[in-house]
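J.: sequence first, then the predicted structure:
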Amino acid sequence: MSDCLFCKIVAREIPSKKVYEDELCYAFYDIDPQAPTHFLVIPKQHISSVAAVDASNSAVVAHCFEVIAKITRDMGIGSFRVVSNIGEQAGQSVFHLHFHVLSGRDMTWPPG
Ligand code: 5GP
Ligand code: ZN
């Protein structure tokens, strides 16, 4: 999608600090970290949010979770939070599906 920030990050039109990449997904550090470790895992294909997941694209979403498990295992992170905001009221600001992975501090519940 030509006007999508994260599609531009995938295409290297906008620089990012890579954590992991394969043919289906890309992971990179958040520019405004909310925890000592905060990175984003995104599908390379444009999906606008969790609300747009269906049978045609759910395999790549499952793959994103395999990647989250692999990255955190490789980083030696045993406790972390995965967040995906859907829609503006929930705090979504980039409308390309992404999973925040946050770790390294105590987390509160319920989230704000
Ligand atoms: P959302 O608000 O949609 O849940 O999450 C979007 C995230 O993308 C935010 O945490 C924000 O800091 C991050 N972000 C926005 N622009 C950029 C950017 O250009 N580079 C990186 N690495 N992260 C970004
Ligand atoms: Zn996109």
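T.: Good, I have the coordinates. Ligands and ions are numbered 1, 2, ... in the order given.

J.: going by contacts, tell me the helices and strands next to the longest helix anywhere in the chain.
T.: Looking across the chain with DSSP state H, the single longest helix is helix 58-75. Helix 58-75 is packed against strand 18-21, strand 25-29, strand 37-43, strand 99-103, with contacts defined by 3 or more Cβ pairs under 8 Å, 6 or more residues apart in numbering; DSSP states H and E. Using the backbone N, CA and C atoms, a C-beta is placed for each residue, glycine as well.

J.: okay if I get these as CSV plus mean pLDDT, mean neighbour count and distance to ligand 2?
T.: Compiled in CSV, the helices and strands packed on helix 58-75 are given as follows (pLDDT from 0 to 100; neighbours: other Cβ atoms under 10 Å; distance: least, Cβ to the ion, whole Å):
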stretch, mean pLDDT, mean neighbour count, distance to ligand 2
strand 18-21, 98, 15, 16
strand 25-29, 98, 20, 11
strand 37-43, 98, 22, 8
strand 99-103, 98, 20, 14
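
J.: ok, the closest residue to V53 other than its chain neighbours to K44 distance?
T.: Excluding its sequence neighbours, the residue lying closest to V53 (Cβ to Cβ, 6 or more residues apart in numbering) is V61, at 5.4 Å. As judged by Cβ to Cβ, to the nearest Å, V61 and K44 stand 12 Å apart.
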